[in-house]
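Engineer: Build the 3D model from these lines:
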Amino acid sequence: MSNAINWFEIPSTNFERAVKFYNELLDTQLQPMEMEFKMAFFPYNDGGVGGCVTHGNGNKPSQEGTFAYLNGGEDLSIPLGRVEKAGGKVLMPKTSIGENGFMAIFLDTEGNRVAFHSMS
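Structural biologist: Here you go, the predicted structure:
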């Protein structure tokens, strides 16, 4: 097993608002797709861990329980600086976790608690 996580889903109550938030936050374009429910995929490389924003699959946004750590790039201060402008709220600023780099926690527009991780 090369990764403990293979896939993650971030639920939304307002799909378009959530996709817009993550597009702005990560300076990217999530790729939308509709099946039995709506999904918008975060960019990832083959063999890497992927995930998406979802709507209509019964999952509900939450500040409690399991949460995902998104790749903060070279320095998570950059995407973290976009959180409030995009409509979210920073819960924990960039914080050292010693030799494991840095982390920060935020709430997205849907009420999900999500984190960033970077090595610097």
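
Engineer: What is the helix or strand harbouring Val90 packed up against?
Structural biologist: Val90 is located in strand 89-96, with elements delineated by DSSP states H and E. Secondary-structure packing of strand 89-96 (3 or more C-beta pairs under 8 Å, 6 or more residues apart in numbering; DSSP states H and E): helix 77-80, strand 102-107. No exception for glycine: its C-beta is placed from N, CA and C like everyone else's.

Engineer: Can you check which of these gets nearest to Gly47?
Structural biologist: helix 77-80 (22.9 Å; C-beta to C-beta).

Engineer: Which positions in that closest one come out as buried?
Structural biologist: Buried residues in helix 77-80, counting neighbours by 16 or more other C-beta atoms under 10 Å, are found at Ser77, Pro79, Leu80.

Engineer: just the strands in the chain please.
Structural biologist: 7-11, 31-34, 38-41, 50-55, 69-71, 89-96, 102-107, 113-118 (DSSP state E).

Engineer: for this structure, which residue is closest to the average position?
Structural biologist: With distances taken as C-alpha atoms, centre = their mean, Leu70 lies nearest the centre of the chain, 5.1 Å away.

Engineer: what residues are up against it?
Structural biologist: Leu26, Phe42, Pro79, Val114, Ala115, Phe116, His117 (C-beta atoms under 8 Å, 6 or more residues apart in numbering).
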